[in-house]
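*Asks:* Structure, please.
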Amino acid sequence: MSIKKTYMLKKLFFICCVAVLLTACPEPLPEDDAYLRIVNNSEEDIVWMVGFERLEEWYNIPSDPWAGKYDNSLILGGNTHTRGFNSSATKENLRRGWIKYYLFNYDSVKTIPWERICEERMILKEVKFDTWEDFERCNFKITYP
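*Replies:* Numbers count the residues shown, from 1 in each chain. Modelled structure (predicted):
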């Protein structure tokens, strides 16, 4: 073979290797690889909030923790909300403490001051997960009522 052909073959081989490396990168960790369904079997509209043990208690959150934007946490009566989350990050959070989901009446959080909601514990439902197995036991589903 001529030197030119050898050089061209090496160059082609190098280009192919680079192309394979660029297109065959390891798949990145998915951001949302698990899902929690919150099922609202009532006729009332509800909102949900999540709390972590290692953070301040939920009642220390300043007034209106949703800041008037309920789009991502509002579940209309008779509907289901599906929340995606990263299972690896959630497992790590559970190793450090518990995770709680709180359900509140939508009209209440819009009209009643947050301090009063906290003082009187106006919570429709509180679900605590201590381990990943707790999520599995409930089949990744919270039902209200």
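*Asks:* Could you check how far the residue nearest to Pro145 when sequence neighbours are not counted is from Ile123?
*Replies:* Nearest non-adjacent residue to Pro145, counting by Cβ to Cβ, 6 or more residues apart in numbering: Ser42, 5.7 Å away. Backbone N, C-alpha and C define where each C-beta goes, glycine included. Distance, Ser42 to Ile123, using Cβ to Cβ, to the nearest Å: 14 Å.
*Asks:* Over to Gly68?
*Replies:* Distance from Gly68 to Ile123, by Cβ to Cβ: 20 Å.
*Asks:* Who has more neighbours out of those two?
*Replies:* Ile123 (17 against 6; other Cβ atoms under 10 Å).
*Asks:* is it true that the residue nearest to Pro145 touches Asn79?
*Replies:* No - assessed by Cβ atoms under 8 Å, Ser42 is found out of contact with Asn79, at 10.2 Å.
*Asks:* Now do the most centrally placed residue in the chain, the pLDDT please.
*Replies:* Centrality entry for the chain: nearest residue to the mean C-alpha point is Phe85, 3.4 Å, by Cα atoms, centre = their mean. At Phe85, the model reports a pLDDT of 89.
*Asks:* With the flanking residues excluded, which residue is spatially nearest to it?
*Replies:* Ala34 is the one closest to Phe85 (Cβ to Cβ, 6+ apart), at 5.6 Å.
*Asks:* which ones are touching that neighbour?
*Replies:* Gly84, Phe85, Asn86, Ser87, Thr90, Phe135, Phe140 (Cβ atoms under 8 Å, 6 or more residues apart in numbering).
*Asks:* I'd like those as JSON lines, with distance to Phe104 and secondary structure appended.
*Replies:* Formatted as JSON lines, the contacts of Ala34 follow (distance: Cβ to Cβ, whole Å; DSSP: H, G, I helix; E, B strand; the rest coil):
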{"residue": "Gly84", "distance to Phe104": "22", "secondary structure": "strand"}
{"residue": "Phe85", "distance to Phe104": "20", "secondary structure": "strand"}
{"residue": "Asn86", "distance to Phe104": "25", "secondary structure": "coil"}
{"residue": "Ser87", "distance to Phe104": "26", "secondary structure": "helix"}
{"residue": "Thr90", "distance to Phe104": "22", "secondary structure": "helix"}
{"residue": "Phe135", "distance to Phe104": "21", "secondary structure": "helix"}
{"residue": "Phe140", "distance to Phe104": "21", "secondary structure": "coil"}
